[in-house]
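In: sequence? don't have it. structure:
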């Protein structure tokens, strides 16, 4: 009986055949239904060409177009973006003025204490790889707010840290997230104005950039001189200014990224019209982190290695930028150590340097406007070669300024303090001329790859800016101020050859390059 029961429950070949028939029947029905759907779809009228449904800006009356914003709104956005740049660069130098207090507090060497400045600047180097592309995908405002918030948090973290490791960690990441606004905020300014005004916008953003660095050095000197405040207040004050910039970015600034605004316009038109075929190109773009890493890390390094224009002008650019941070040590040595000015007052020569930066910027603005006027009358485009003479003149002024500061610093009893003050003015003028001129020349040579070329220069600039604070004081102590300044001036003289050589052979170099514009 049990045997019969077991046999009746066992699977049979007949059952398997039936299952196979059922599966085949279902597959056939699915295939038939699929073919029927395809045939029905093919009978439908074809969709119209998508091109007429692409959203664009509609001339001078389009309220979505940042070019058409009223002047008061543009000025408000410029103020907000400029304050963000100022806050970050202010924080890059103010902390350096409290290095000696930090040394005594943590019982560390000057080189280790100077890492707080070097790590901050190294953080700048990483920012263009990430924050520039992200701002092109999601817009400017979101990146600015996130970066400013991170900067404020890490800056206050460095101010309240109880151990050296936390200070170093917070300083690096405050530089990293702070580097975002240095890339994105100038883009806000270029979003608001057409191509013919962008050269002037770059001068304005550069003036703000250097103003923040120099005011940070001055304010940091007075904060450090007040013994009731101490080195922590350099970071607290930087965090407060960053918080003000964050507030302005949240309240005053609206989105200016043109493709992002077109995507918002497309969304609005779809809701209003019910025509769901309306679209903007920006809506089809998605995050591709692999592509971002490849394009924004590998491409700048490739250009730096293979393109002599980018390599040599990047080195020149990096040298003058590094000297800016070297002067954070040199100027107190000359005026506090040599001329016996008290702390705080000894940082006031940075005002002379700032004046030199503004004079250099004014001269470059005049040159740029006159060039634009001539080019528009001749219906021609500016040539990169026209950017080189101001670099040469600025490079000469820069070298003279270094020598004046260095030799006056070794003979303070015989040389009046106005001489190194004039030297600081010439250095500021040279920094502005070399920095802006070299970047304008690179942009002119590599129009289609200007973003990657600027990232290459940023790498070299940050490398020099991070390295100089680590050895400047020791070098000037061992070699004496005058001979150390002669050494640096000698490097500056050698680098003047860069614009001189490219003034003669630059056209040939560009013709041989596979990236440069002929």
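Out: That came in fine, so what should we check first? The structure presented is a predicted model; accordingly, all values stated were derived computationally and were not measured. Numbering: from 1, shown residues only.
In: shaky segments in the stretch 51-200 of the chain?
Out: Where the stretch 51-200 of the chain drops to pLDDT under 70, the residues are 51.
In: Now do stretch 54-61: distance from first to last residue.
Out: 18 Å (C-alpha to C-alpha, to the nearest Å).
In: Tell me the buried residues in it?
Out: Going by neighbour count (16 or more other C-beta atoms under 10 Å), the buried part of stretch 54-61 is 55, 57. All C-beta atoms are positioned from the backbone trio N, CA, C, and that covers glycine.
In: What are the contacting residues of it?
Out: Applying C-beta atoms under 8 Å, 6 or more residues apart in numbering, the contact partners of stretch 54-61 are 64-65, 67-68, 258, 262, 265-266, 269, 278-281.
In: Which of these are buried, as a ChimeraX select command?
Out: Buried residues within those, by 16+ other C-beta under 10 Å, are selected in ChimeraX with:
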select :65,258,262,265,266,269,278,279,280
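In: Quick one: the contacts of stretch 54-61 as CSV, columns for secondary structure and distance to residue 378 too.
Out: Output for those, formatted as CSV (DSSP: H, G, I helix; E, B strand; the rest coil; distance: C-beta to C-beta, whole Å):
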residue, secondary structure, distance to residue 378
64, coil, 34
65, coil, 29
67, helix, 25
68, helix, 29
258, helix, 29
262, helix, 34
265, helix, 37
266, helix, 39
269, helix, 41
278, coil, 42
279, strand, 40
280, coil, 37
281, helix, 34
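In: Which residue comes closest to residue 317 once chain neighbours are left out?
Out: Closest residue to residue 317 apart from its sequence neighbours, by C-beta to C-beta, 6 or more residues apart in numbering: residue 438 at 4.9 Å.
In: go on, residue 350?
Out: Distance criterion C-beta to C-beta, 6+ apart; nearest residue to residue 350, sequence neighbours excluded, is residue 214 at 4.4 Å.
In: packing partners for the helix or strand where that neighbour lies?
Out: Using DSSP states H and E, residue 214 sits in helix 198-225. Helices and strands touching helix 198-225, by 3 or more C-beta pairs under 8 Å, 6 or more residues apart in numbering; DSSP states H and E, are helix 71-94, helix 164-192, helix 232-251, helix 308-332, helix 349-378, helix 418-445.
In: Redo the ones you listed as JSON lines? Include mean neighbour count.
Out: Converted to JSON lines, the helices and strands packed on helix 198-225 look like this (neighbours: other C-beta atoms under 10 Å):
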{"stretch": "helix 71-94", "mean neighbour count": "22"}
{"stretch": "helix 164-192", "mean neighbour count": "23"}
{"stretch": "helix 232-251", "mean neighbour count": "21"}
{"stretch": "helix 308-332", "mean neighbour count": "24"}
{"stretch": "helix 349-378", "mean neighbour count": "17"}
{"stretch": "helix 418-445", "mean neighbour count": "24"}
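In: who wins for proximity to residue 463 among the ones you listed?
Out: helix 308-332 (6.4 Å; C-beta to C-beta).
In: Show me the shaky parts of the chain.
Out: In the chain, residues with pLDDT under 70: 1-51, 287, 293, 380, 448, 517-518.
In: Now do the domain split for the protein, please.
Out: Domain assignment of the chain by the TED database yields the ranges 52-282, 291-373+381-513.
In: So what's the gap between the last one and the chain middle?
Out: This points to domain 291-373+381-513. When distances are taken as C-alpha atoms, centre = their mean, to the nearest Å, domain 291-373+381-513 is centred 17 Å away from the chain's centroid.
In: Give me the contacts around stretch 249-265.
Out: With C-beta under 8 Å, 6+ apart as the test, stretch 249-265 has contacts from 55-57, 64-66, 76-77, 79-81, 84, 135-136, 138-141, 144-145, 148, 187-188, 191-192, 280-283.
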